[in-house]
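> Here is my input, please return the structure:
(one chain, ligands or ions: 1)
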Amino acid sequence: MRYSALVKSVRIGLLGVGTVGRSVARALAERRDVLSRAVGAPLLLQRAAVRDLSRDRGIDAALLTADARSIVQADDVDLVIELIGGEEPARTLIAEALQHKKPVVTANKRVVAWHGPQLAQLAAQRGVELRFEAAVGGGIPLIAPLTDDLAANRVLELRAIINGTTNYVLGRMAAAGLSMADAVREAQDAGYAEADPTEDVGGYDATYKLAILASIAYEIKVRPDEIYREGIEGIEPVDFRYARELGYAIKLVAHTQRHTGRVEARVHPAMISLDHPLARVEGAENAVFVEGDLVGKVLLMGQGAGGRPTASAVVGDLIDLARSIRRGVQSRPSFSFDDRIGVVPIGEVKTRAYYRIRVDDRPGVLAAIGQVFAEEGVSISSFIQKDAWSHDTTAELVVTTHPSLDASLQNARARMERLEPVHAVSSFLRVF
Ligand SMILES: NC(=O)c1ccc[n+]([C@@H]2O[C@H](COP(=O)([O-])OP(=O)(O)OC[C@H]3O[C@@H](n4cnc5c(N)ncnc54)[C@H](OP(=O)(O)O)[C@@H]3O)[C@@H](O)[C@H]2O)c1
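From the prediction side, this is the model:
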């Protein structure tokens, strides 16, 4: 490690003073003494970058610049915190900071999910560290437990609720019977959802986070586009009622599991047994359930977003890196990735499923549906007729299955939709 030891203070360059950046700047100011004791040297906010210089940021305006590049190149900056967000220019700025041998802390899930391994390699080449605890699960410690505290384990499985917006939306649909559109609007009013909620509702945000967690947990490179993804768009209020009757909650689940020579990685809405801890994660909270071969099951839970919780993770990384700078040592070894291990295609994954099917209410329909499942080699666990409507003589059936290949479950769905008495397979959910 090429840090100079015994520095008098650690000078920070902050890129972005928005929701998280402002909380970080405030923590640095308000906790100056505590942080200084924790590091063994004062942490100084030396420079900060924003786009709009005219707005008050609650910090000395003389520190501000609109030229973020000048910060990553500055001789009087020892460490860079990137809180701009988005892919560019954030990725380039992080890479330039590392090139200039400045350790970097970032909360940027997109950049870490898509470019983390390359940036980690660059950091290793330059003898500095890249930290990103805040990129997944806001304030919940997840990266450090996986890289440090659980390092003695082989991670067998990791199952998580890592998108607070969708958890809030699904929770409101379940509790108040709201439609998806109304629940999303309520989440926007409460500040939990963006004006354009696609990244959250479509499951993209969760795939970035799962890509990071799976890459760290298994020490392999998992790109977001290798993860099977489905959003929560198709779920209707009635599914929550049926799920509860069957003993399940509906959650957007990010799941990864180790198989021999390969890993499973998928993000989709799923039914999860009411007695599983993840079923009880409420509102915008996040939770990650990890199973290691030595430790057994561990649950990490808390606030997955928000300025203050996210600043907690950013400043935690900052303290650790500042200590490294002080001592002239690197606290964590560089990441290494096993390129021989890939992701299992979704069709080859074995899972259980729930179907809600609108059919003509007449004899022979159940037999026709049963035949499709039999021909696809899918064994039915329960077959229940729910509501029936006399005005159009249709009925709703709910079918749950035993574990089967996902490809067979999908084939059964497509084939049922082509059956003459089937109006629609209105809902298809995997079941944990
Ligand atoms: N908010 C959360 O709860 C949360 C949770 C976990 C992780 N994160 C991550 O934390 C990061 C920051 O999120 P945030 O919510 O704080 O974002 P934000 O409120 O939009 O703040 C972004 C900041 O970056 C500045 N900025 C943007 N482009 C810039 C550029 N080219 N040059 C200089 N400054 C630039 C903006 O300046 P202006 O103010 O002048 O526009 C603003 O100060 C993101 O990666 C996000 O994914 C956020």
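
> Pick out the residue in the stretch 51-200 of the chain sitting closest to the ligand.
The stretch 51-200 of the chain approaches the ligand most closely through residue 85 (3.0 Å), counting by CB to the nearest ligand atom. Where you see a C-beta, it was placed from the backbone N, CA and C, and this is true even at glycine.

> so where's the protein shaky on pLDDT?
For the chain, the stretches flagged by pLDDT under 70 are 1-7.

> hang on, the earlier thing: with adjacent residues omitted, what lies nearest to the residue of the stretch 51-200 of the chain closest to the ligand?
Spatial nearest neighbour of residue 85, excluding adjacent residues (CB to CB, 6 or more residues apart in numbering): residue 108 at 6.0 Å.

> The one you found - how many residues pack around it?
27 (other CB atoms under 10 Å).

> Do I have it right that it meets residue 131?
No - applying CB atoms under 8 Å as the test, residue 108 and residue 131 come out as separate, 11.5 Å apart.

> is it fair to say residue 194 lies in a strand?
No - membership of residue 194 in a strand is not supported by DSSP: H, G, I helix; E, B strand; the rest coil, which gives coil.

> quick one: it and residue 165, what's the gap?
Remark: distance between residue 194 and residue 165 (CB to CB, to the nearest Å) = 8 Å.

> okay, the two: which has more neighbours?
Using other CB under 10 Å as the criterion, residue 194 and residue 165 rank with residue 165 on top: 25 against 14.

> surely residue 180 meets residue 240?
No - if you go by CB under 8 Å, residue 180 and residue 240 don't touch, sitting 11.2 Å apart.

> joint contacts of these two?
By CB atoms under 8 Å, 6 or more residues apart in numbering, residue 180 and residue 240 have these common neighbours: residue 173.

> before we move on, the earlier item: quick one: contacts for the residue nearest to residue 85?
Neighbours of residue 108 in contact, by CB under 8 Å, 6+ apart: 82, 83, 84, 85, 86, 90, 94, 132, 135.

> The fourth one: what's it in contact with?
The reference is to residue 85. Applying CB under 8 Å, 6+ apart to residue 85 gives the contacts 16, 18, 107, 108, 110.

> ok, back up a step: look up how far residue 160 lies from the residue nearest to residue 85.
According to CB to CB, residue 108 stands 19 Å off from residue 160.

> so what's residue 266 bridging to?
residue 228, residue 255 (DSSP bridges).

> Tabulate the CA atom coordinates of stretch 95-111 in CSV.
Extracted C-alpha coordinates of stretch 95-111, given in CSV (Å, rounded to 0.1, in the frame of the first residue of the first chain):
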residue,chain,number,x,y,z
ALA,A,95,-11.9,5.6,-12.2
GLU,A,96,-9.9,8.9,-12.4
ALA,A,97,-9.8,9.2,-8.6
LEU,A,98,-8.4,5.6,-8.4
GLN,A,99,-5.9,6.4,-11.2
HIS,A,100,-4.7,9.3,-9.0
LYS,A,101,-4.3,6.8,-6.1
LYS,A,102,-7.2,8.2,-4.1
PRO,A,103,-9.3,5.7,-2.3
VAL,A,104,-13.0,6.0,-3.2
VAL,A,105,-16.2,5.5,-1.2
THR,A,106,-19.4,5.3,-3.4
ALA,A,107,-23.1,4.6,-2.8
ASN,A,108,-23.6,4.1,-6.6
LYS,A,109,-25.3,0.7,-7.2
ARG,A,110,-25.5,1.2,-10.9
VAL,A,111,-21.8,1.8,-11.3
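
> Let me know the helix or strand that residue 371 is in.
Element membership for residue 371 (DSSP states H and E) is helix 365-375.

> then that helix to PDB, C-alphas only?
C-alpha atoms of helix 365-375 as PDB (Å, rounded to 0.1, in the frame of the first residue of the first chain):
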ATOM      1  CA  VAL A 365     -62.100 -27.500 -17.800                       C
ATOM      2  CA  LEU A 366     -60.300 -28.900 -14.800                       C
ATOM      3  CA  ALA A 367     -59.400 -32.000 -16.700                       C
ATOM      4  CA  ALA A 368     -58.000 -30.000 -19.600                       C
ATOM      5  CA  ILE A 369     -55.800 -27.900 -17.300                       C
ATOM      6  CA  GLY A 370     -54.700 -31.000 -15.300                       C
ATOM      7  CA  GLN A 371     -53.700 -32.600 -18.600                       C
ATOM      8  CA  VAL A 372     -51.400 -29.700 -19.500                       C
ATOM      9  CA  PHE A 373     -49.600 -29.900 -16.200                       C
ATOM     10  CA  ALA A 374     -49.300 -33.700 -16.500                       C
ATOM     11  CA  GLU A 375     -47.800 -33.400 -20.000                       C
END
